[in-house]
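*Asks:* give the three-dimensional model of this entry:
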Amino acid sequence: MGALPDHLYPVTIIRTRYGGCYEGGEWAAFLCDSDCIPDDATGDDISCGEWWVAPDRVVATGSTPDEALRKLMQEVSE
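*Replies:* Prediction:
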């Protein structure tokens, strides 16, 4: 994959805590530095489940890190 556009920096990609059960994929790409990922996104069952259904977030998931990043790029471009 080529260089990221400026509006997609910084991006942090992590393995999801619950393997996609709440998150929708095994990997998540966040449009932020790693220290800005909300605790609830990787928190306990209830907090995590509630965070991932909230509509006001810029994150994408996929079965691989590349897929998560590709989806994030699509989401931000729309």
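
*Asks:* can you pull the buried residues of the longest helix anywhere in the chain?
*Replies:* For the chain, the longest helix by residue count, based on DSSP state H, is helix 65-77. Of all the residues in helix 65-77, those buried under the rule 16 or more other C-beta atoms under 10 Å are 65, 67-69, 71-73. The C-beta positions use only the backbone N, C-alpha and C, and glycine is treated the same way.

*Asks:* same list (these) but as a markdown table, adding pLDDT and distance to E50.
*Replies:* A markdown table is the format used below for the buried residues of helix 65-77 (pLDDT from 0 to 100; distance: C-beta to C-beta, whole Å):
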| residue | pLDDT | distance to E50 |
| --- | --- | --- |
| P65 | 98 | 25 |
| E67 | 98 | 24 |
| A68 | 98 | 21 |
| L69 | 95 | 25 |
| K71 | 96 | 21 |
| L72 | 95 | 21 |
| M73 | 92 | 26 |
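
*Asks:* turn these into a markdown table, including distance to Y18.
*Replies:* Formatted as a markdown table, the buried residues of helix 65-77 follow (distance: C-beta to C-beta, whole Å):
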| residue | distance to Y18 |
| --- | --- |
| P65 | 17 |
| E67 | 17 |
| A68 | 15 |
| L69 | 20 |
| K71 | 18 |
| L72 | 19 |
| M73 | 24 |
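
*Asks:* ranges for the strands of this structure?
*Replies:* For the chain, applying DSSP state E gives strands covering 12-15, 27-30, 59-62.
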